[in-house]
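> Sharing a model prediction with you, sequence too.
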Amino acid sequence: MLLNLLENLMVLLAFGLSYHYVSRWFPSKPVLRQLAFGAVFGLGSVVAMLQAFQYAPGVIFDGRTVMVSLAGLFGGLPGGAVAILIAGAWRAMLGGVGAFVGLTTILSAGLLGILARQLLKDHWPPSWGWLWLFSMVVHLTTLACMFLLPVNLSVEVVREIALPFLVFLPLAGTLLGLMLAHAESVQARVISLHHTDWLFGEAQKLTNFGSWEYDVRTDTATATPQFFQIHGLPETTRGHTLKDTLKLMHADDRERVRQVFMESLRSGEPFDLQSRFTSHDGRNLWIRLVGKPIVEAGKVRQVVGNLIDITVRMRSELELRESQSRLQSILDHAPALICICDAVGVVKVASQRFRILDMAEEELIGKPLYELMPREKNLEQWLDDLVALKAGERIEFEEMLRHRDGSTHTYLTSKFLLGGEKDDQVCYISADITDLKRLAMEREDLVGQLVVKNEELERFTYSISHDLKSPLVTIGGFAELIAGDLKAGREKSAVDSLSHIRDAVADMRQLIDGLLKMSRSGHEASHFERVSLQDVFDSVRLLLHGMLEEHPVEMVAAAGLPTVVGDPLLLRQVLQNLIENALKFRVPERPLKIAIDWFVKENGTVVVSFGDNGQGIAHPDLERIFQLFERGAGSNSGSGIGLALVRTIMVRHGGMVWAESDGPDKGSTFFLSFPYAEQG
């Protein structure tokens, strides 16, 4: 009996070793592996039964319980079920008085193995203690099944086989279980290693790098397949050295790479460098070579590292640098102040145009813009603008900036947000609009002058149609009277009518002369120069000497009348018209007094006054008298052009004229204002 059990143990060990080969067939398919395991151990049970110890006819003992129980324990439900079916079918075919007991032991051993698998799943793989306890329970259960035999036979069988059955078979189950657990652990590590190797290979393909190892002593290199793929070589390449890799590098980089590598061998320090690279299949690449020396006993024995294809990254970086260079070129040639700042206002990019403000580009980079520009004097203003920008607004404003030549210019500044995946950036663009502002102001001045000219033209047209019509009506009326008088023989009456016609023609000539004079004052080219009003006044007084002698006039002028910038001929017309106007509107009952004075306002303008004690001006007429063809109250002489001409000339000089009076018979004062003057 003992010999038969030993033979069964050898069978068990043989089929246990076969588990290693079965498990290799299905490394990633656990269910198929469990089914195959159950089939192998089921066949092992059959072999064990072929070498069984026959205690009595139809009663045999062998190692099937060990095989079937382990099939359930290591093969789970699929493996245990297959082993039970194979072993049970064979035992049923053998028949005999112990057939039922044999089937019972097979079924109980398999079910106990399946149950133990579930109980030990959190303690897998099982230790030798768990395996021995499991095997002991299986064989105690098997021994209990012996009582299903006839009573006399069951007692005899239990007494004869109990000791060897509970000693050798549990021991065999424990040893075989340990071997299977170890095999399963090895297989798991092999599977994990294969998966890790696959994962590492896929990672190298994904990141486009290959690993290498260089043996300094033998001058040989080993590498992963991706290393050779980068070289454009087959994955199975043999005999490749790092010198071969060095030959593929660009001629301009080769010596630098060699020196870095040799220095690393001498110093034992890691290296990390980049180089241009041409593969065996003609691809132009950028590679990154990283290495770390392995030092043993003070000497470098090996160097391990990675070869990384960085072509995509380098091309992107080169394109980015080219794009940045183009952007900087655009910024430097743009006729505006342009810079890009981060969210806290620090300048990142700036155009050379800032030099016009005496700010070099290198002085701007890395400094807060709000500390450099006048409007953005403090951080609070910058933050307020940033909040508005993040709300989707675009900020535009005008600011005054001083150039390095000392001149102050007007700039139109625009700020907007440059969105990005990281921090927001603010673009600042400021264009010099000084000339545009000046042109706009000149245009507004010209428009204003045009409006005034149009208004004057309307008044002029109306006045001509009115004032020139009157002499013509007079001439027409008296011409008809003359015709009647001549027909009736009234020559004396005709002569009187001709006298009236002559007066009407004289009035018309006076109006036309005044209009021509006013037209010339507005259209003739002026010759502005420094003009002494004292000299102008002296020449006018000399010109009007005869008229002044006809009437008692006391004219007093302040000493040292100022010197102004203007046209001397036009200014003489101004003073002449004002003095003639005073003579025209004097009060016959009292001597005329004319007082000429001047003073300087706080803003630097000079005002010259002409005061008289004449008829005075009613308050509603103070503005009207400067309009074309408007005569003073109670005056039937003159053309009504003199004061209008004075206003036109003063406007042309950039000044103005106005009149003041306390009312009729209380005299009046005319004021001339010059925008700039020099004291003579």
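In hand now; what should we look at?

> Okay, and the beta partners of residue 599?
With DSSP bridges as the criterion, residue 599 is bridged to residue 607.

> What does the pLDDT read for it?
Residue 599 is assigned a pLDDT of 91 by the prediction.

> do residue 106 as well
Here the pLDDT value assigned to residue 106 is 90.

> Check which residues of the helix or strand where residue 306 lies are buried.
Assessed by DSSP states H and E, residue 306 sits inside strand 299-309. Buried residues in strand 299-309, counted by 16 or more other C-beta atoms under 10 Å: 300, 303, 305, 306, 307, 308, 309. All C-beta spots, glycine's among them, are computed from the backbone N, C-alpha and C.

> closest to residue 380 among these?
Distance to residue 380, by C-beta to C-beta, is smallest for residue 308 among the buried residues of strand 299-309, at 48.5 Å.

> Could you check which helix or strand contains the nearest residue in space to residue 228 that is not next to it in sequence?
Nearest residue to residue 228, sequence neighbours excluded (C-beta to C-beta, 6 or more residues apart in numbering): residue 237, at 4.8 Å. Following DSSP H and E, there is no helix or strand that holds residue 237.

> Could you check how far residue 237 is from residue 221?
10 Å (C-beta to C-beta, to the nearest Å).

> Can I get the strand holding residue 306 in CSV, CA atoms only?
Extracted in CSV, the C-alpha atoms of strand 299-309 (Å, rounded to 0.1, in the frame of the first residue of the first chain):
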residue,chain,number,x,y,z
LYS,A,299,35.5,54.0,-12.3
VAL,A,300,32.7,54.4,-14.8
ARG,A,301,31.7,50.9,-15.9
GLN,A,302,28.5,51.7,-17.8
VAL,A,303,26.4,54.6,-19.1
VAL,A,304,22.7,54.3,-19.3
GLY,A,305,20.3,56.8,-20.8
ASN,A,306,17.7,57.7,-23.4
LEU,A,307,17.7,58.9,-27.0
ILE,A,308,14.7,61.1,-27.5
ASP,A,309,13.3,62.4,-30.8
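
> Who are the packing partners of it?
Here strand 299-309 touches strand 209-215, helix 225-231, helix 251-267, strand 284-296, going by 3 or more C-beta pairs under 8 Å, 6 or more residues apart in numbering; DSSP states H and E.

> what would these look like in a markdown table with mean pLDDT, distance to residue 400 and mean neighbour count?
As requested, those are exported to a markdown table (pLDDT from 0 to 100; distance: least, C-beta to C-beta, whole Å; neighbours: other C-beta atoms under 10 Å):
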| stretch | mean pLDDT | distance to residue 400 | mean neighbour count |
| --- | --- | --- | --- |
| strand 209-215 | 88 | 58 | 19 |
| helix 225-231 | 87 | 61 | 21 |
| helix 251-267 | 90 | 53 | 13 |
| strand 284-296 | 91 | 51 | 17 |
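
> Need these in JSON lines (columns: distance to residue 202).
Output for the helices and strands packed on strand 299-309, formatted as JSON lines (distance: least, C-beta to C-beta, whole Å):
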{"stretch": "strand 209-215", "distance to residue 202": "12"}
{"stretch": "helix 225-231", "distance to residue 202": "10"}
{"stretch": "helix 251-267", "distance to residue 202": "29"}
{"stretch": "strand 284-296", "distance to residue 202": "20"}
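
> Compare these and report which one is nearest to residue 569.
Using C-beta to C-beta, those put helix 251-267 closest to residue 569, at 82.4 Å.

> buried residues in the helix or strand that comes right after the closest one?
Of the helices and strands lying after helix 251-267 in sequence (DSSP H and E), the nearest is strand 271-278. The neighbour-count check on strand 271-278 (16+ other C-beta under 10 Å) flags 271, 274, 275, 276, 277 as buried.

> For residue 194, state which of those is nearest.
Set against residue 194, the nearest of the buried residues of strand 271-278 by C-beta to C-beta is residue 277 (31.8 Å).

> Please name the bridge partners of that closest one.
In beta-bridge terms (that is, DSSP bridges), residue 277 pairs with residue 249, residue 285.

> That one and residue 248 touch, don't they?
Yes: the pair residue 277 / residue 248 is scored as a contact, 5.7 Å apart, by C-beta atoms under 8 Å.

> From residue 604, how far out is the residue positioned nearest the centre of the chain?
Centroid check for the chain by C-alpha atoms, centre = their mean gives residue 418 as the closest residue, at 2.6 Å. According to C-beta to C-beta, residue 418 stands 49 Å off from residue 604.

> All set, thanks.
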